[in-house]
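A.B. asks: Have a look; sequence and predicted model below, questions after that.
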Number of protein chains: 2
Amino acid sequence: MRTIRSVLLPAAFVLPAALTLLSPAPSGAQELKDFGSFHVGGRQVSLSGYPVTESVFTQGAAPTRVDPNGDFEVEQMYVQYLVPAPQASKYPLLMWHGGGLTGTTWETKPDGKPGWMNYFFKAGHPVYVSDAVERGRASWARYPEIYKTPPFFRTKKEAWEIFRIGPPDSYATDPAKRVMNAGMKFPVEAFDQFGKQFVPRWTSNDAITQTAYHALVQKVGPSVVMVHSQAGNFGFHAALAAPDKVKALIAIEPAGAPLPGPELDKLKGIPMLIVWGDYVGTEAVWTRQQPASVNFARDLNARGGDVEWLDLPKAGVTGNSHMLMMDTNSDQIAGLIQDWMKRKGLMN
Amino acid sequence: MRTIRSVLLPAAFVLPAALTLLSPAPSGAQELKDFGSFHVGGRQVSLSGYPVTESVFTQGAAPTRVDPNGDFEVEQMYVQYLVPAPQASKYPLLMWHGGGLTGTTWETKPDGKPGWMNYFFKAGHPVYVSDAVERGRASWARYPEIYKTPPFFRTKKEAWEIFRIGPPDSYATDPAKRVMNAGMKFPVEAFDQFGKQFVPRWTSNDAITQTAYHALVQKVGPSVVMVHSQAGNFGFHAALAAPDKVKALIAIEPAGAPLPGPELDKLKGIPMLIVWGDYVGTEAVWTRQQPASVNFARDLNARGGDVEWLDLPKAGVTGNSHMLMMDTNSDQIAGLIQDWMKRKGLMN
């Protein structure tokens, strides 16, 4: 296996080459010590002075009075946790989804098989799965009065392409006519089911989302953070803001990363693993966005940081989409991550 | 204790008067046999022919192209389940939230204490907590192209009043100035935290929501359904549509109910419990809406049905808001429901 890190630093940190050495997927009933949920972050907004309008909502019905004024809670996020007994990890595992999605990213996969929330819970991690600001159970706020912009609704075509299920213009409404990338491990028969997980997204909410993630880290305390795609930047910046709390960071195809520079010295003590799937060069979104994390990893390692770069195809694991936690070999990739956590001293 | 049913039918079905006989709240670690989630129901919608627009989303930024056209999954709902081992109930317990809310209704309460999802899981029920169409992890669809109307955003003032935390016009932005009903058991210090659970709602989605609930019942199979507020009608109609699958129905302050009539004969074999809290006469929403379930219960019992009516204040349990599963005595009320399930033969 070749990794970017192995080029930059001694070979001691290279991932195990023999995948057959991986821990088997955990299974069976597990003691549930605790479970629950909470909202964290956010603030009260009071709207006043906006006009009251009347709208006819159903043909033939009497007009309904619509008053947008009043007090609302906004900018919070939602977090759900499951704590196993016995706990095998030193820290809770916070799992942060990507753009246009919710915490369901980590739950049961669209094909009905167990996802990474199950995997890491059964491996003994307290798992904290969140819905970021504006999404899922976090709720969203009125626009343009509170959010400044309208939301985007991702089409299936866009998802098919930017999640690298198939090459550009290979999506069709009729599932039988869709063309997938060769060797694709995303369960394409469950792609429409996956589409039921999509939620609208805003382009104007990054700052408030970052603030809520900071609040989450402060609330939970020392933890391992796993991020996907859009959450890459949120995770890296959460580590910069609380390097005492973020004990390790696992970035799955991060869409961005902080710029190289002296500020990254703060991250030297935080082991990081960056994971990329297959077909990255086939889709412009990723050829444009991947360099941010490449440059970040290079610079941080040059400063004495501890970033491992796991390029799955180079490690012999091919066929993975951007949604690799939903791919048919998701347990295999989770196993690589779990082994990395063991090597980094993150398990009891 | 007096109940409406005790007036209509023999006293044998009256709830136990001595609350001290109730089962204690279950506690401690529990074996987790399985957990997961899925989306159910919904369909693909293809939008075409809508104009592509350009919007400036951030001051000074280049315009962004907004194309609403494409394929989307809409009208699905989200369901998460936890299955305990050993299982003490005969059937899974489906928990359906009310309007403007999500499945978080049943989770950890706004004051941080365990809610009914925990209670009934620990009592040995497989619990299935859903987010209805348009809400939470179920996602929502573009309007007016797909949904016909814009959403409503509930203000804290409206929630304070219609959830009967305080009398009309007793809400204030400043928590110190809010006036609550005498003896109130809702944890008012957590009211703003509760406000973080609110999600927008639509008035035009009842039919598609009902359809998704039907799909859920068909997917899970024989089950006990617990509904709250807006979900009352969804639950009663789900039972009418699948009286072979809905093995019992527990309606917490149902906002509506089917009209009396011969169709209710279908429900004669389904034990039902209808629960109402305190202060119902103080709020016009409920003096207007409660009669629907009163008339429903009377008519169904007159037809030989089995509806028990638990008026909590009449049973000596006072101070409960519309969100009684979040009130400080939520375990006590859950215990009454659990005992009813035992009496109805719903536990192993």
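C.D. replies: Thanks, I have the structure now.
A.B. asks: what's the residue nearest to residue A:102 when sequence neighbours are not counted in contact with, if anything?
C.D. replies: Take residue A:102 and drop its neighbours on the chain: the residue closest to it by C-beta to C-beta, 6 or more residues apart in numbering or on different chains is residue A:136, 3.4 Å away. The way it works is simple: take the backbone N, C-alpha and C, and place the C-beta from them, glycine included. Residue A:136 sits next to A:78, A:102-104, A:199, B:131, B:136-137 when contact means C-beta atoms under 8 Å, 6 or more residues apart in numbering or on different chains.
A.B. asks: In CSV: those residues, plus pLDDT.
C.D. replies: CSV is the format used below for the contacts of residue A:136 (pLDDT from 0 to 100):
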residue, pLDDT
A:78, 98
A:102, 98
A:103, 98
A:104, 98
A:199, 98
B:131, 98
B:136, 98
B:137, 98
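A.B. asks: can you redo those as JSON lines with distance to residue B:214 and secondary structure?
C.D. replies: Formatted as JSON lines, these follow (distance: C-beta to C-beta, whole Å; DSSP: H, G, I helix; E, B strand; the rest coil):
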{"residue": "A:78", "distance to residue B:214": "27", "secondary structure": "strand"}
{"residue": "A:102", "distance to residue B:214": "24", "secondary structure": "coil"}
{"residue": "A:103", "distance to residue B:214": "26", "secondary structure": "helix"}
{"residue": "A:104", "distance to residue B:214": "22", "secondary structure": "helix"}
{"residue": "A:199", "distance to residue B:214": "23", "secondary structure": "coil"}
{"residue": "B:131", "distance to residue B:214": "16", "secondary structure": "strand"}
{"residue": "B:136", "distance to residue B:214": "19", "secondary structure": "helix"}
{"residue": "B:137", "distance to residue B:214": "19", "secondary structure": "helix"}
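A.B. asks: Relative to residue B:328, which of those residues is nearest.
C.D. replies: residue A:78 (23.0 Å; C-beta to C-beta).
A.B. asks: The closest one pairs with what?
C.D. replies: For residue A:78, the beta-bridge partners are residue A:39, residue A:131 (DSSP bridges).
A.B. asks: Residue of the stretch 151-300 of chain A closest to chain B, please.
C.D. replies: residue A:155 (2.9 Å; C-beta to the nearest C-beta).
A.B. asks: quick one, strands of the stretch 1-150 of chain A?
C.D. replies: Remark: strands assigned in the stretch 1-150 of chain A by DSSP state E, counting those that start in this stretch are A:30-47, A:53-55, A:64-66, A:70-85, A:93-96, A:127-131.
A.B. asks: Can I get those in a markdown table including distance to residue B:291 and mean neighbour count?
C.D. replies: Putting the strands of the stretch 1-150 of chain A into a markdown table (distance: least, C-beta to C-beta, whole Å; neighbours: other C-beta atoms under 10 Å in any protein chain shown) gives the following:
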| stretch | distance to residue B:291 | mean neighbour count |
| --- | --- | --- |
| strand A:30-47 | 34 | 19 |
| strand A:53-55 | 28 | 11 |
| strand A:64-66 | 22 | 13 |
| strand A:70-85 | 29 | 22 |
| strand A:93-96 | 47 | 28 |
| strand A:127-131 | 38 | 27 |
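A.B. asks: Determine which of those strands approaches residue B:165 most closely.
C.D. replies: Between residue B:165 and the strands of the stretch 1-150 of chain A, the tightest spacing by C-beta to C-beta is seen for strand A:70-85, at 13.6 Å.
A.B. asks: next one: the closest one to chain centre, how far?
C.D. replies: Remark: strand A:70-85 is offset 16 Å from the chain centroid, using C-alpha atoms, centre = their mean, to the nearest Å.
A.B. asks: Also stretch A:41-51?
C.D. replies: 30 Å.
A.B. asks: which residues are contacting it?
C.D. replies: Contacts for stretch A:41-51 (C-beta under 8 Å, 6+ apart): A:67-77, A:133, A:141-142, A:145-146, A:211-212, A:214-216, B:156, B:173, B:192, B:195-196.
A.B. asks: rewinding a little: separation between the residue of the stretch 151-300 of chain A closest to chain B and residue B:46?
C.D. replies: Per C-beta to C-beta, to the nearest Å, residue A:155 is found 9 Å from residue B:46.
A.B. asks: what's the overlap in contacts for these two?
C.D. replies: With C-beta under 8 Å, 6+ apart as the test, residue A:155 and residue B:46 both reach B:70-72.
A.B. asks: And the contacts of residue A:136, which is closest to residue A:332?
C.D. replies: Distances from residue A:332 to the contacts of residue A:136, taken by C-beta to C-beta, are shortest for residue A:104, at 21.3 Å.
A.B. asks: Nearest spatial neighbour of that closest one, chain-adjacent residues omitted?
C.D. replies: residue A:197 (4.9 Å).
A.B. asks: what about the helix or strand containing residue A:287, distance to the chain center?
C.D. replies: Using DSSP states H and E, residue A:287 sits within helix A:284-302. Mean-position distance between helix A:284-302 and its chain equals 17 Å (C-alpha atoms, centre = their mean).
A.B. asks: so what secondary structure elements neighbour it?
C.D. replies: helix A:4-8, strand A:272-276, strand A:307-311 (3 or more C-beta pairs under 8 Å, 6 or more residues apart in numbering or on different chains; DSSP states H and E).
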